[in-house]
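Enquirer: sequence and predicted structure below; questions after.
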Amino acid sequence: MREKGEKSIGRKKRSSGNPKKRRPPRPKYTSRANIFDHEVLAPLTKKFRQALKSKKYEEAQMLYKEIVEARKQHRLWLDRHEWVKIR
């Protein structure tokens with residue numbers, strides 16, 4: 001058994017005082033264009049690539065037209081520099 005005041009191996013001395021309160025986490029923001037890209041543009045391009053791989057050219061052509069329109073919209077969101085709180 002160890003005597004009083006003697007340090008034990010492997011244990012750290014902990015303070016018994018009141019712990020400092022942590023600051024709340026900083027809010028996270030992302031651009032509206034980034035959200036549009038994740039929700040609209042990326043799924044369309046994925047479907048487009050899958051249609052090309054499976055040689056569904058008519059479907060791919062329709063998807064390409066949708067992608068062109070979505071990219072125009074995305075370009076507008078990029079120019080606006082609008083930020084959205086995510087956390």
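Expert: Ah, there it is.

Enquirer: drop to CA atoms for contacts and neighbour counts, all remaining ones
Expert: Noted.

Enquirer: so where do the strands sit in this structure?
Expert: Ranges of strands within the chain are 29-31, 83-85, based on DSSP state E.

Enquirer: in a markdown table: the ones you listed, plus distance to Val68.
Expert: Written out in a markdown table, the entries for the strands of the chain read as follows (distance: least, CA to CA, whole Å):
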| stretch | distance to Val68 |
| --- | --- |
| strand 29-31 | 21 |
| strand 83-85 | 24 |
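
Enquirer: what's the most buried one of those?
Expert: For the strands of the chain, the stretch with the most neighbours on average is strand 29-31, a mean of 14; neighbours defined as mean count of other CA atoms under 10 Å.

Enquirer: report the buried residues of the top helix by length along the chain.
Expert: With DSSP state H applied, the helix covering the greatest number of residues in the chain is identified as helix 57-80. Within helix 57-80, the residues that qualify as buried by neighbour count (16 or more other CA atoms under 10 Å) are 60, 63-64, 67, 70-71, 74, 77.

Enquirer: need these in TSV (columns: distance to Asn18).
Expert: Putting those into TSV (distance: CA to CA, whole Å) gives the following:
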residue	distance to Asn18
Ala60	64
Leu63	61
Tyr64	62
Ile67	57
Ala70	55
Arg71	55
His74	51
Trp77	48
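
Enquirer: tell me the one of those nearest Arg22?
Expert: Within the buried residues of helix 57-80, the smallest distance to Arg22 is 36.0 Å, found for Trp77 (CA to CA).

Enquirer: for the longest helix of the chain, packing partners?
Expert: Other helices and strands packing on helix 57-80, by 3 or more CA pairs under 8 Å, 6 or more residues apart in numbering; DSSP states H and E, are helix 32-36, helix 42-53.
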